[in-house]
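**Q** Dropping a prediction and its sequence here:
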Amino acid sequence: MADDAERGAGQGSAKSGHDRDRDTIIHKRLRDGTLKLYELEKELSPIDAIRVRREFIQEETGATLENIGILSIDVDRVVKRNCENMIGVIQVPLGVAGPVLINGGYATGNYWLPLATTEGALVASVNRGCSAITKAGGAEVRVLHDGMTRAPVFSTDSVGHAAQVGDWVTVHYDELKAAAESTTSHGKLTDIVTFVAGTSVYVRMEFDTKDAMGMNMVTIASAKVADMIAQGTGAKLIALSGNMCTDKKPAAINTIMGRGRSVVAGVALTHELIKEVFKTDAKSMFEVNYRKNLVGSARAGATGFNAHAANVTAAMFIACGQDAAHAIDGSTCITTVDLTETGVYVAVTLPSLPVGTVGGGTALDTQQECLNLLGVAGSGTPPGTNARKLAEIIGAGILAGELSLLGALAAQHLARAHQQLGRG
């Protein structure tokens, strides 16, 4: 973590005459093109490089970037692993919802959920859902499947050649598995499935990445496997990702086969609890879900059947150092409501939650604190348990968000909530 002196330097502390002269020379070199913005760390400490780059951008644009320069993270690490051409940080308000009682395979007990968002009413909504879940005795949550994927695409000479490539992969699976696992001390190749489209062959590899989200891990391992396939079959590797992975795009293959951690969470609500917390009834919640989440989504051709699952996914992903672009995977959630004799059983099925507790943005100081809040920072014992625990907690948070919005819609309270809590 950056010490106070280092952080102060990033917030515009007084500069010595030597520093001012040095900065003047550097700014001149940046303007005449003899020094590139991305080269500043070669000549300056990371904190000074960030400051000088920010000052240069201010001069170039006329914008005031004072608040962007207020840092509370370890910039030495960030500039090496997380962000290039860094000029500062963007702060997103962080709220907390809960506690929510979870009865999971990995997460058990009460949890406070960190939610980073600028959307008024979101935290309040999730908080209400957490209250309902806890009063109901907790959410059942399970990780159904675990596997990060990468799918390189090859070109072949004919459809016969394409079929041969698939056969070759099947026969040589053990050799490909050994090659993939030689590139990592943690990852394990768990499956390979080939798909053919004319003369194109897609080889979708799936890995157990333990506590890492794992995209870097599987990309490196897949490159090794792809080279072996090309050499063994004569197929030409076109791209290491052929979009059948599928990464950062809504895709039916992820919904069907899963990607990252596949999670399901559910809770039984009684008639009394529905009336107490949501001011509505079981039949109304069922009908809202049926006509909105199921029929409405189908009529729209949506790839997700939920109220706003991506809202909670994004808020928790940002808070916990996950790749924010993967929030789109949360949008493939399927929300179901079953009428029961005592009320309803509401569940969310999340086929694709690419999450990890090591690597990427999880080591940023503020995000690390949120992971510590949840008790999932770092690698678990055994490896993989922390990432699965985080997936279950996020699943419970999404369930809370779905419950609350379904209840608000059923009670006709949505517009009032937006108005009262300032969401525009």
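**A** Looks like it arrived, so ask away.

**Q** Do I have it right that Ala163 meets Val196?
**A** Yes: counting by Cβ atoms under 8 Å, Val196 is a contact partner of Ala163 at 6.7 Å. C-beta coordinates here come from the backbone N, C-alpha and C atoms, glycine included.

**Q** Tell me the gap between the top helix by length along the chain and the middle of its chain.
**A** Ranked by residue count under DSSP state H, the longest helix found in the chain is helix 385-410. In terms of Cα atoms, centre = their mean, to the nearest Å, the centre of helix 385-410 is found 14 Å from the chain centre.

**Q** ok, now stretch 29-42?
**A** Using Cα atoms, centre = their mean, the offset of stretch 29-42 from its chain centre is 34 Å.

**Q** Now that stretch: buried residues?
**A** Using 16 or more other Cβ atoms under 10 Å as the test for burial, stretch 29-42 gives Leu30, Leu35, Leu40, Glu41.

**Q** Report the contact partners of the second one.
**A** So that's Leu35. Ile26, Arg29, Glu43 (Cβ atoms under 8 Å, 6 or more residues apart in numbering).

**Q** Tell me where the model's unsure across the chain.
**A** 1-14, 414-424 (pLDDT under 70).

**Q** ranges for the strands of this protein?
**A** Here the chain has its strands, by DSSP state E, at 94-104, 108-116, 139-150, 153-155, 188-197, 200-208, 236-239, 259-270, 334-339, 343-353.

**Q** Give the other helices and strands that the fourth one contacts.
**A** Right, the one you point to is strand 153-155. strand 200-208, helix 215-233, strand 236-239 (3 or more Cβ pairs under 8 Å, 6 or more residues apart in numbering; DSSP states H and E).

**Q** pull the CA atoms of the shortest one into CSV?
**A** Below are the C-alpha coordinates for strand 236-239, written out as CSV (Å, rounded to 0.1, in the frame of the first residue of the first chain):
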residue,chain,number,x,y,z
LYS,A,236,-4.2,-22.8,-39.7
LEU,A,237,-4.7,-20.9,-36.4
ILE,A,238,-6.6,-17.7,-37.3
ALA,A,239,-7.2,-16.2,-33.9
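
**Q** on contacts alone, who are the packing partners of that strand?
**A** Packing partners of strand 236-239 (3+ Cβ pairs under 8 Å, 6+ apart): strand 153-155, helix 215-233.

**Q** got JSON lines for the ones you listed, with distance to Arg128 and mean neighbour count too?
**A** Shown next, in JSON lines, are these (distance: least, Cβ to Cβ, whole Å; neighbours: other Cβ atoms under 10 Å):
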{"stretch": "strand 153-155", "distance to Arg128": "46", "mean neighbour count": "20"}
{"stretch": "helix 215-233", "distance to Arg128": "34", "mean neighbour count": "19"}
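
**Q** Between these, which one is closest to Thr64.
**A** Comparing these by their distance to Thr64 (Cβ to Cβ), the top pick is helix 215-233, with 36.2 Å.

**Q** Does the closest one pack against any helices or strands, and if so which?
**A** Short answer (3+ Cβ pairs under 8 Å, 6+ apart): helix 215-233 packs on strand 139-150, strand 153-155, helix 159-171, helix 173-181, strand 200-208, strand 236-239.

**Q** Kindly recompute the last result at 6 Å.
**A** Packing contacts for helix 215-233, counted by 3 or more Cβ pairs under 6 Å, 6 or more residues apart in numbering; DSSP states H and E, involve strand 139-150, helix 159-171, helix 173-181.

**Q** Looking at these, which is nearest to Lys249?
**A** strand 139-150 (12.7 Å).

**Q** who's in contact with the closest one?
**A** Strand 139-150 is contacted by residues 102-105, 133, 190, 204-207, 209, 214, 218-219, 222, 245, 258-267, 388, 391-392, 395-396, 399 when judged by Cβ atoms under 6 Å, 6 or more residues apart in numbering.

**Q** Which parts of that strand count as buried, going by neighbours?
**A** Ala139, Glu140, Val141, Arg142, Val143, Asp146, Gly147, Met148, Thr149, Arg150.

**Q** Among those, which one lies nearest to Trp112?
**A** Ala139 (14.6 Å).

**Q** so who does Glu59 touch?
**A** Glu59 neighbours (Cβ under 6 Å, 6+ apart): none.

**Q** go again using 8 Å as the cut-off
**A** Neighbours of Glu59 in contact, by Cβ under 8 Å, 6+ apart: His27.

**Q** For Glu140, see how far away it is.
**A** Taking Cβ to Cβ, to the nearest Å as the measure, Glu59 falls 57 Å from Glu140.

**Q** Please narrow the buried residues of stretch 29-42 to those residing in helices.
**A** Checking these against DSSP H, those in helices are Leu30, Leu40, Glu41.

**Q** roughly how far apart are the closest residue to the first one other than its chain neighbours and Ala49?
**A** Spelled out, that is Leu30. Of all residues not flanking Leu30 in the chain, Phe56 sits nearest, at 5.4 Å (Cβ to Cβ, 6 or more residues apart in numbering). In this view, Phe56 and Ala49 are 11 Å apart by Cβ to Cβ.

**Q** Compare neighbour counts for those two and give me the winner.
**A** Ala49 (23 against 18; other Cβ atoms under 10 Å).

**Q** who touches the more buried one in this structure?
**A** Ala49 neighbours (Cβ under 8 Å, 6+ apart): Leu40, Glu41, Glu43, Val79, Met86.

**Q** Spatially nearest residue to the second one (excluding sequence neighbours)?
**A** Leaving aside its chain neighbours, Glu41 sits nearest to Ala49 (4.7 Å; criterion: Cβ to Cβ, 6+ apart).

**Q** Quick check: that neighbour vs Ala63, distance?
**A** From Ala49 to Ala63 the distance is 19 Å (Cβ to Cβ).

**Q** Save the strands of the chain as JSON lines, and put in distance to Ala180 too.
**A** Listed next are the strands of the chain as JSON lines, based on distance: least, Cβ to Cβ, whole Å:
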{"stretch": "strand 94-104", "distance to Ala180": "30"}
{"stretch": "strand 108-116", "distance to Ala180": "33"}
{"stretch": "strand 139-150", "distance to Ala180": "10"}
{"stretch": "strand 153-155", "distance to Ala180": "16"}
{"stretch": "strand 188-197", "distance to Ala180": "4"}
{"stretch": "strand 200-208", "distance to Ala180": "7"}
{"stretch": "strand 236-239", "distance to Ala180": "15"}
{"stretch": "strand 259-270", "distance to Ala180": "17"}
{"stretch": "strand 334-339", "distance to Ala180": "31"}
{"stretch": "strand 343-353", "distance to Ala180": "21"}
